[in-house]
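Peer 1: Prediction below, plus the sequence it came from.
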Amino acid sequence: MLDFIYYPVSFILWCWHWVFGHVFGEASAVSWALGIVFLVFTLRAIMYKPTVKQVRSMRKMQEFAPEIKKLQTKYKNDKPKMQQEMQKLQQQHGVNPLGGCLPMLLQIPVFLGLFHVLRSFGNSPTENYFFDERGVSSYLAADLFGARLGNWITEPAAELARFEVSRGSVILVAVPLMIAASILTHLTARHSVARQNPESATPQTAMMNKLTLYMFPLGVLVGGFFFPIGLLMYWLSNNGWTLAQQHFVYRKIDAEEEEKKAAVIEKRNALAPKPGQKPAAKKRPAASSPTASSASTASSASTAKPAADKPAATPEPPADNGTEIPGLISDRSRSKKSGRKNR
(Lines give C-alpha, C1' and ligand atoms only; values in the text may rest on other atoms or scores of the structure.)
Protein backbone atom coordinates (compact mmCIF):
# COMPACT_ATOMS: atom_id res chain seq x y z
CA MET A 1 0.00 0.00 0.00
CA LEU A 2 2.82 2.40 0.89
CA ASP A 3 5.36 0.90 -1.49
CA PHE A 4 5.93 4.35 -3.01
CA ILE A 5 7.52 5.25 0.35
CA TYR A 6 9.17 1.94 1.21
CA TYR A 7 11.05 1.51 -2.07
CA PRO A 8 12.76 4.96 -2.11
CA VAL A 9 13.76 4.63 1.56
CA SER A 10 15.06 1.12 0.94
CA PHE A 11 16.98 2.23 -2.15
CA ILE A 12 18.78 5.10 -0.36
CA LEU A 13 19.70 2.77 2.50
CA TRP A 14 20.95 0.18 0.00
CA CYS A 15 23.18 2.77 -1.72
CA TRP A 16 24.85 3.93 1.49
CA HIS A 17 25.28 0.38 2.79
CA TRP A 18 26.95 -0.54 -0.49
CA VAL A 19 29.38 2.38 -0.07
CA PHE A 20 30.32 1.68 3.55
CA GLY A 21 30.23 -2.09 2.99
CA HIS A 22 33.30 -1.74 0.77
CA VAL A 23 35.12 -0.03 3.65
CA PHE A 24 34.03 -1.85 6.83
CA GLY A 25 32.59 -5.06 5.42
CA GLU A 26 29.15 -5.95 4.18
CA ALA A 27 27.98 -7.66 7.39
CA SER A 28 29.56 -5.07 9.72
CA ALA A 29 27.22 -3.25 12.08
CA VAL A 30 29.23 -0.07 11.44
CA SER A 31 28.34 -0.23 7.75
CA TRP A 32 24.65 -0.56 8.54
CA ALA A 33 24.74 2.13 11.24
CA LEU A 34 26.47 4.60 8.94
CA GLY A 35 24.08 3.65 6.16
CA ILE A 36 21.13 4.61 8.39
CA VAL A 37 22.81 7.86 9.49
CA PHE A 38 23.59 8.94 5.94
CA LEU A 39 20.10 7.96 4.86
CA VAL A 40 18.90 10.61 7.29
CA PHE A 41 21.43 13.13 6.02
CA THR A 42 20.37 12.53 2.42
CA LEU A 43 16.68 13.00 3.13
CA ARG A 44 17.26 16.08 5.28
CA ALA A 45 19.50 17.62 2.61
CA ILE A 46 16.67 17.16 0.11
CA MET A 47 14.30 18.94 2.50
CA TYR A 48 16.75 21.77 3.26
CA LYS A 49 15.04 24.43 1.13
CA PRO A 50 11.54 23.70 2.48
CA THR A 51 13.00 23.89 5.99
CA VAL A 52 14.52 27.32 5.29
CA LYS A 53 11.16 28.49 3.94
CA GLN A 54 9.56 27.18 7.13
CA VAL A 55 11.93 29.24 9.29
CA ARG A 56 11.37 32.38 7.22
CA SER A 57 7.62 31.88 7.38
CA MET A 58 7.76 31.55 11.16
CA ARG A 59 9.87 34.70 11.45
CA LYS A 60 7.39 36.68 9.33
CA MET A 61 4.46 35.45 11.38
CA GLN A 62 6.21 36.58 14.55
CA GLU A 63 6.72 40.05 13.05
CA PHE A 64 3.00 40.74 12.66
CA ALA A 65 1.98 38.80 15.78
CA PRO A 66 0.69 42.02 17.48
CA GLU A 67 -1.71 42.53 14.57
CA ILE A 68 -2.96 38.97 15.00
CA LYS A 69 -3.59 39.66 18.69
CA LYS A 70 -5.62 42.74 17.77
CA LEU A 71 -7.75 40.68 15.40
CA GLN A 72 -8.25 38.01 18.05
CA THR A 73 -9.39 40.64 20.53
CA LYS A 74 -11.61 42.46 18.04
CA TYR A 75 -13.35 39.36 16.67
CA LYS A 76 -13.24 37.12 19.73
CA ASN A 77 -16.99 36.56 19.48
CA ASP A 78 -16.99 36.03 15.71
CA LYS A 79 -14.67 33.12 14.86
CA PRO A 80 -15.45 32.95 11.09
CA LYS A 81 -14.77 36.67 10.71
CA MET A 82 -11.56 36.36 12.69
CA GLN A 83 -10.33 33.52 10.48
CA GLN A 84 -11.21 35.52 7.38
CA GLU A 85 -9.31 38.60 8.58
CA MET A 86 -6.32 36.52 9.62
CA GLN A 87 -6.17 34.95 6.17
CA LYS A 88 -6.20 38.43 4.61
CA LEU A 89 -3.40 39.51 6.93
CA GLN A 90 -1.32 36.46 6.04
CA GLN A 91 -1.84 37.09 2.33
CA GLN A 92 -0.74 40.70 2.73
CA HIS A 93 2.50 39.60 4.38
CA GLY A 94 2.99 36.70 1.94
CA VAL A 95 2.90 33.99 4.61
CA ASN A 96 1.51 30.49 4.17
CA PRO A 97 0.78 28.77 7.51
CA LEU A 98 0.99 25.33 5.89
CA GLY A 99 4.52 26.11 4.69
CA GLY A 100 5.76 25.93 8.26
CA CYS A 101 4.35 22.42 8.72
CA LEU A 102 5.55 20.96 5.43
CA PRO A 103 9.05 19.77 6.53
CA MET A 104 7.61 18.15 9.64
CA LEU A 105 4.89 16.44 7.62
CA LEU A 106 7.45 15.12 5.14
CA GLN A 107 9.45 13.48 7.94
CA ILE A 108 6.50 11.39 9.09
CA PRO A 109 6.31 9.10 6.01
CA VAL A 110 10.12 8.77 6.03
CA PHE A 111 10.03 7.64 9.66
CA LEU A 112 7.22 5.18 8.96
CA GLY A 113 8.97 3.89 5.83
CA LEU A 114 12.27 3.25 7.62
CA PHE A 115 10.44 1.66 10.56
CA HIS A 116 8.69 -0.73 8.18
CA VAL A 117 11.86 -1.53 6.19
CA LEU A 118 13.91 -2.31 9.32
CA ARG A 119 11.14 -4.45 10.79
CA SER A 120 10.77 -6.30 7.48
CA PHE A 121 14.34 -7.63 7.61
CA GLY A 122 13.25 -10.21 10.15
CA ASN A 123 9.98 -11.06 8.43
CA SER A 124 11.29 -12.17 5.03
CA PRO A 125 14.66 -13.95 4.82
CA THR A 126 14.80 -13.80 1.01
CA GLU A 127 14.20 -10.17 0.08
CA ASN A 128 13.28 -6.78 1.50
CA TYR A 129 12.37 -4.31 -1.25
CA PHE A 130 15.75 -3.34 -2.79
CA PHE A 131 17.69 -5.82 -0.64
CA ASP A 132 18.15 -9.36 -1.89
CA GLU A 133 18.70 -12.46 0.26
CA ARG A 134 22.37 -11.61 0.75
CA GLY A 135 21.56 -8.12 1.97
CA VAL A 136 18.92 -9.40 4.38
CA SER A 137 21.27 -11.98 5.88
CA SER A 138 24.05 -9.38 6.29
CA TYR A 139 21.69 -7.09 8.20
CA LEU A 140 20.50 -9.89 10.47
CA ALA A 141 24.09 -10.93 11.16
CA ALA A 142 25.34 -7.41 11.98
CA ASP A 143 26.46 -7.48 15.63
CA LEU A 144 26.63 -4.25 17.66
CA PHE A 145 28.03 -5.00 21.12
CA GLY A 146 26.12 -8.28 21.28
CA ALA A 147 22.84 -6.88 19.89
CA ARG A 148 21.28 -6.77 16.45
CA LEU A 149 20.06 -3.59 14.76
CA GLY A 150 16.57 -5.10 14.45
CA ASN A 151 16.19 -5.89 18.17
CA TRP A 152 14.34 -3.74 20.69
CA ILE A 153 14.08 -3.82 24.47
CA THR A 154 10.52 -5.15 24.75
CA GLU A 155 10.98 -7.73 22.00
CA PRO A 156 9.54 -11.17 22.89
CA ALA A 157 12.03 -13.56 24.45
CA ALA A 158 11.45 -16.12 21.68
CA GLU A 159 12.57 -13.62 19.05
CA LEU A 160 15.64 -12.69 21.06
CA ALA A 161 16.50 -16.39 21.43
CA ARG A 162 16.12 -16.87 17.68
CA PHE A 163 18.80 -14.22 17.11
CA GLU A 164 20.83 -15.56 20.05
CA VAL A 165 20.75 -12.16 21.74
CA SER A 166 20.22 -11.43 25.43
CA ARG A 167 17.91 -8.64 26.58
CA GLY A 168 20.73 -7.15 28.63
CA SER A 169 22.81 -6.63 25.48
CA VAL A 170 19.89 -4.88 23.81
CA ILE A 171 19.38 -2.63 26.85
CA LEU A 172 23.10 -1.83 26.95
CA VAL A 173 22.97 -0.55 23.37
CA ALA A 174 19.45 0.90 23.22
CA VAL A 175 19.32 2.92 26.46
CA PRO A 176 22.26 5.28 25.64
CA LEU A 177 20.75 5.89 22.22
CA MET A 178 17.37 6.63 23.80
CA ILE A 179 18.84 9.09 26.29
CA ALA A 180 20.96 10.85 23.65
CA ALA A 181 18.00 11.14 21.25
CA SER A 182 15.79 12.50 24.04
CA ILE A 183 18.38 15.12 25.05
CA LEU A 184 18.85 16.26 21.47
CA THR A 185 15.08 16.54 21.05
CA HIS A 186 14.92 18.78 24.13
CA LEU A 187 17.85 20.94 22.98
CA THR A 188 16.32 21.35 19.53
CA ALA A 189 12.99 22.44 21.01
CA ARG A 190 14.72 24.74 23.49
CA HIS A 191 16.67 26.48 20.74
CA SER A 192 13.50 26.93 18.69
CA VAL A 193 11.53 28.36 21.63
CA ALA A 194 14.36 30.76 22.48
CA ARG A 195 14.12 32.26 19.01
CA GLN A 196 10.43 33.08 19.33
CA ASN A 197 9.22 36.66 19.60
CA PRO A 198 7.83 37.33 23.13
CA GLU A 199 5.13 39.59 21.63
CA SER A 200 3.71 36.61 19.75
CA ALA A 201 3.17 34.57 22.93
CA THR A 202 -0.36 33.24 23.39
CA PRO A 203 -1.82 30.55 25.64
CA GLN A 204 -1.77 28.16 22.68
CA THR A 205 1.90 28.81 21.91
CA ALA A 206 2.80 28.45 25.59
CA MET A 207 1.13 25.04 25.66
CA MET A 208 2.89 23.96 22.46
CA ASN A 209 6.22 25.09 23.88
CA LYS A 210 5.74 22.89 26.92
CA LEU A 211 4.87 19.95 24.70
CA THR A 212 7.95 20.38 22.54
CA LEU A 213 10.26 21.03 25.48
CA TYR A 214 9.20 18.16 27.73
CA MET A 215 6.54 15.87 26.24
CA PHE A 216 8.29 15.16 22.94
CA PRO A 217 11.62 14.24 24.57
CA LEU A 218 9.73 12.08 27.03
CA GLY A 219 7.90 10.44 24.14
CA VAL A 220 11.23 9.59 22.49
CA LEU A 221 12.50 8.12 25.75
CA VAL A 222 9.39 5.99 26.28
CA GLY A 223 9.10 5.01 22.61
CA GLY A 224 12.68 3.78 22.69
CA PHE A 225 11.50 0.66 24.53
CA PHE A 226 9.52 -0.32 21.41
CA PHE A 227 11.81 0.97 18.63
CA PRO A 228 14.50 -1.22 17.02
CA ILE A 229 18.08 -0.12 17.58
CA GLY A 230 18.38 0.86 13.93
CA LEU A 231 15.40 3.19 14.28
CA LEU A 232 16.91 4.76 17.41
CA MET A 233 19.98 5.55 15.31
CA TYR A 234 17.73 7.21 12.78
CA TRP A 235 16.05 9.27 15.51
CA LEU A 236 19.40 10.27 17.04
CA SER A 237 20.97 11.35 13.75
CA ASN A 238 17.78 13.15 12.67
CA ASN A 239 17.64 15.24 15.84
CA GLY A 240 21.36 15.95 15.64
CA TRP A 241 20.95 17.21 12.07
CA THR A 242 17.95 19.34 13.09
CA LEU A 243 19.84 21.02 15.93
CA ALA A 244 22.88 21.80 13.75
CA GLN A 245 20.68 23.01 10.89
CA GLN A 246 18.73 25.35 13.16
CA HIS A 247 21.93 27.04 14.34
CA PHE A 248 23.15 27.42 10.76
CA VAL A 249 19.86 28.68 9.28
CA TYR A 250 19.11 31.14 12.08
CA ARG A 251 22.62 32.60 11.88
CA LYS A 252 22.27 32.97 8.13
CA ILE A 253 18.90 34.73 8.41
CA ASP A 254 20.18 36.97 11.23
CA ALA A 255 23.16 37.97 9.08
CA GLU A 256 20.87 38.81 6.15
CA GLU A 257 18.66 40.98 8.36
CA GLU A 258 21.69 42.77 9.80
CA GLU A 259 22.93 43.51 6.28
CA LYS A 260 19.55 44.94 5.33
CA LYS A 261 19.50 47.16 8.42
CA ALA A 262 23.06 48.33 7.77
CA ALA A 263 22.16 49.14 4.15
CA VAL A 264 19.16 51.23 5.28
CA ILE A 265 21.27 53.12 7.85
CA GLU A 266 24.03 53.75 5.31
CA LYS A 267 21.54 55.08 2.79
CA ARG A 268 19.99 57.34 5.41
CA ASN A 269 23.39 58.68 6.46
CA ALA A 270 24.35 59.35 2.84
CA LEU A 271 21.23 61.48 2.31
CA ALA A 272 21.60 63.38 5.62
CA PRO A 273 23.66 66.67 5.67
CA LYS A 274 27.18 66.47 7.02
CA PRO A 275 27.97 67.94 10.47
CA GLY A 276 28.41 71.75 10.23
CA GLN A 277 26.99 71.90 6.73
CA LYS A 278 23.88 73.98 6.14
CA PRO A 279 21.23 72.29 4.11
CA ALA A 280 21.07 73.74 0.60
CA ALA A 281 18.00 75.87 0.10
CA LYS A 282 16.00 75.11 -2.94
CA LYS A 283 15.73 77.99 -5.44
CA ARG A 284 12.21 79.05 -6.11
CA PRO A 285 11.24 80.62 -9.47
CA ALA A 286 10.85 84.45 -9.20
CA ALA A 287 7.23 85.57 -9.27
CA SER A 288 6.69 88.20 -12.01
CA SER A 289 4.82 91.37 -10.98
CA PRO A 290 1.71 92.44 -12.89
CA THR A 291 3.37 95.70 -14.01
CA ALA A 292 6.39 93.95 -15.38
CA SER A 293 4.29 91.34 -17.08
CA SER A 294 2.07 93.95 -18.67
CA ALA A 295 5.10 95.94 -19.76
CA SER A 296 6.71 92.94 -21.27
CA THR A 297 3.46 92.07 -22.96
CA ALA A 298 3.16 95.55 -24.37
CA SER A 299 6.75 95.61 -25.57
CA SER A 300 6.36 92.25 -27.22
CA ALA A 301 3.17 93.39 -28.84
CA SER A 302 4.78 96.58 -30.11
CA THR A 303 7.70 94.73 -31.57
CA ALA A 304 5.38 92.26 -33.17
CA LYS A 305 3.50 94.94 -35.20
CA PRO A 306 5.17 96.47 -38.26
CA ALA A 307 6.11 100.16 -38.30
CA ALA A 308 3.64 100.91 -41.09
CA ASP A 309 0.73 100.12 -38.84
CA LYS A 310 1.64 102.88 -36.38
CA PRO A 311 -0.61 106.00 -36.64
CA ALA A 312 1.11 109.19 -37.85
CA ALA A 313 1.88 111.72 -35.14
CA THR A 314 -0.27 114.93 -35.34
CA PRO A 315 1.98 117.98 -35.93
CA GLU A 316 1.60 120.85 -33.52
CA PRO A 317 0.54 124.18 -35.06
CA PRO A 318 3.42 126.59 -35.41
CA ALA A 319 3.50 129.67 -33.33
CA ASP A 320 1.96 132.80 -34.87
CA ASN A 321 5.01 135.03 -35.44
CA GLY A 322 3.67 137.01 -38.36
CA THR A 323 4.91 134.87 -41.08
CA GLU A 324 2.67 133.57 -43.73
CA ILE A 325 1.87 130.05 -43.94
CA PRO A 326 1.67 128.65 -47.40
CA GLY A 327 -1.81 127.73 -48.49
CA LEU A 328 -3.48 130.35 -46.26
CA ILE A 329 -4.72 133.82 -47.36
CA SER A 330 -3.60 136.54 -45.10
CA ASP A 331 -6.16 139.05 -43.90
CA ARG A 332 -4.48 142.49 -44.09
CA SER A 333 -7.65 144.42 -43.40
CA ARG A 334 -7.26 144.13 -39.62
CA SER A 335 -5.37 146.71 -37.80
CA LYS A 336 -2.41 145.47 -35.92
CA LYS A 337 -3.19 147.72 -32.98
CA SER A 338 -6.94 147.37 -32.65
CA GLY A 339 -7.51 144.20 -34.49
CA ARG A 340 -10.52 145.85 -36.33
CA LYS A 341 -11.00 145.91 -40.06
CA ASN A 342 -10.19 149.07 -41.98
CA ARG A 343 -13.13 150.50 -43.73
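Peer 2: Sure thing, it's come through.
Peer 1: From the chain's centroid, how far away is the strand or helix carrying R56?
Peer 2: Here R56 sits within helix 48-63, counting by DSSP states H and E. Helix 48-63 sits 6 Å away from the centroid of its parent chain (C-alpha atoms, centre = their mean, to the nearest Å).
Peer 1: Got the phi and psi for L144?
Peer 2: phi -120, psi 90 (degrees, to the nearest 10).
Peer 1: So what's the residue count around it?
Peer 2: 20 (other C-beta atoms under 10 Å). Using the backbone N, CA and C atoms, a C-beta is placed for each residue, glycine as well.
Peer 1: for the record, mean pLDDT for stretch 240-253?
Peer 2: In this model, stretch 240-253 carries a mean pLDDT of 88.
Peer 1: My error: substitute stretch 154-167 in the last question.
Peer 2: On average, stretch 154-167 scores 90.
Peer 1: now swap in stretch 105-114 and tell me
Peer 2: 80.
Peer 1: Now do the buried residues in that stretch.
Peer 2: The neighbour-count check on stretch 105-114 (16 or more other C-beta atoms under 10 Å) flags Q107, V110, G113, L114 as buried.
Peer 1: What is the nearest of the residues you listed to R195?
Peer 2: Q107 (19.9 Å; C-beta to C-beta).
Peer 1: From the chain's centroid, how far away is the lengthiest helix in the chain?
Peer 2: If you go by DSSP state H, the chain has its longest helix at helix 229-271. Taking the mean of its C-alpha atoms, helix 229-271 sits 12 Å from the chain's own mean (C-alpha atoms, centre = their mean).
Peer 1: and the angle from that helix to helix 48-63?
Peer 2: 60 degrees (axes from the mean of the first three to the mean of the last three C-alpha atoms, to 10 degrees).
Peer 1: Show me what helix 229-271 is packed against.
Peer 2: Where contact means 3 or more C-beta pairs under 8 Å, 6 or more residues apart in numbering; DSSP states H and E, helix 229-271 is packed against helix 29-46, helix 48-63, helix 102-120, helix 167-194.
Peer 1: For the ones you listed, give me a markdown table that also has distance to V249.
Peer 2: What follows is the helices and strands packed on helix 229-271, written out as a markdown table (distance: least, C-beta to C-beta, whole Å):
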| stretch | distance to V249 |
| --- | --- |
| helix 29-46 | 12 |
| helix 48-63 | 5 |
| helix 102-120 | 11 |
| helix 167-194 | 11 |
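Peer 1: Among those, pick out the one with the most neighbours on average.
Peer 2: helix 29-46 (a mean of 20; mean count of other C-beta atoms under 10 Å).
Peer 1: closest to Y6 among the buried residues of stretch 105-114?
Peer 2: G113 (5.3 Å).
Peer 1: shouldn't that closest one be in contact with D3?
Peer 2: No. Using C-beta atoms under 8 Å, G113 makes no contact with D3, being 9.6 Å away.
Peer 1: okay, S335: pLDDT?
Peer 2: Value for S335, per-residue pLDDT: 46.
Peer 1: ditto for G35
Peer 2: Confidence score, pLDDT, at G35: 94.
Peer 1: now Y129: how far from W152?
Peer 2: 21 Å (C-beta to C-beta, to the nearest Å).
Peer 1: out of those two, which sits in the more crowded spot?
Peer 2: W152 (22 against 19).
Peer 1: For the more buried one, which three-state class applies?
Peer 2: Per DSSP: H, G, I helix; E, B strand; the rest coil, the local secondary structure of W152 is coil.
Peer 1: Tell me who's in contact with it.
Peer 2: Counting by C-beta atoms under 8 Å, 6 or more residues apart in numbering, W152 makes contact with V170, A174, F225, F226, F227, P228, I229.
Peer 1: Is it possible to get TSV of those that adds pLDDT and distance to G122?
Peer 2: TSV is the format used below for those (pLDDT from 0 to 100; distance: C-beta to C-beta, whole Å):
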residue	pLDDT	distance to G122
V170	94	14
A174	95	16
F225	92	18
F226	91	15
F227	90	14
P228	90	9
I229	93	13
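Peer 1: List just the nearest of these to P50.
Peer 2: F227 (25.7 Å).
Peer 1: A33 against A147, yeah?
Peer 2: No. Using C-beta under 8 Å as the test, A33 is too far from A147 to be in contact (11.7 Å).
Peer 1: Who are the packing partners of the helix holding R56?
Peer 2: Using 3+ C-beta pairs under 8 Å, 6+ apart, helix 48-63 sits against helix 79-93, helix 102-120, helix 229-271.
Peer 1: repeat that for 6 Å
Peer 2: Helix 48-63 sits against helix 102-120, with contacts defined as 3 or more C-beta pairs under 6 Å, 6 or more residues apart in numbering; DSSP states H and E.
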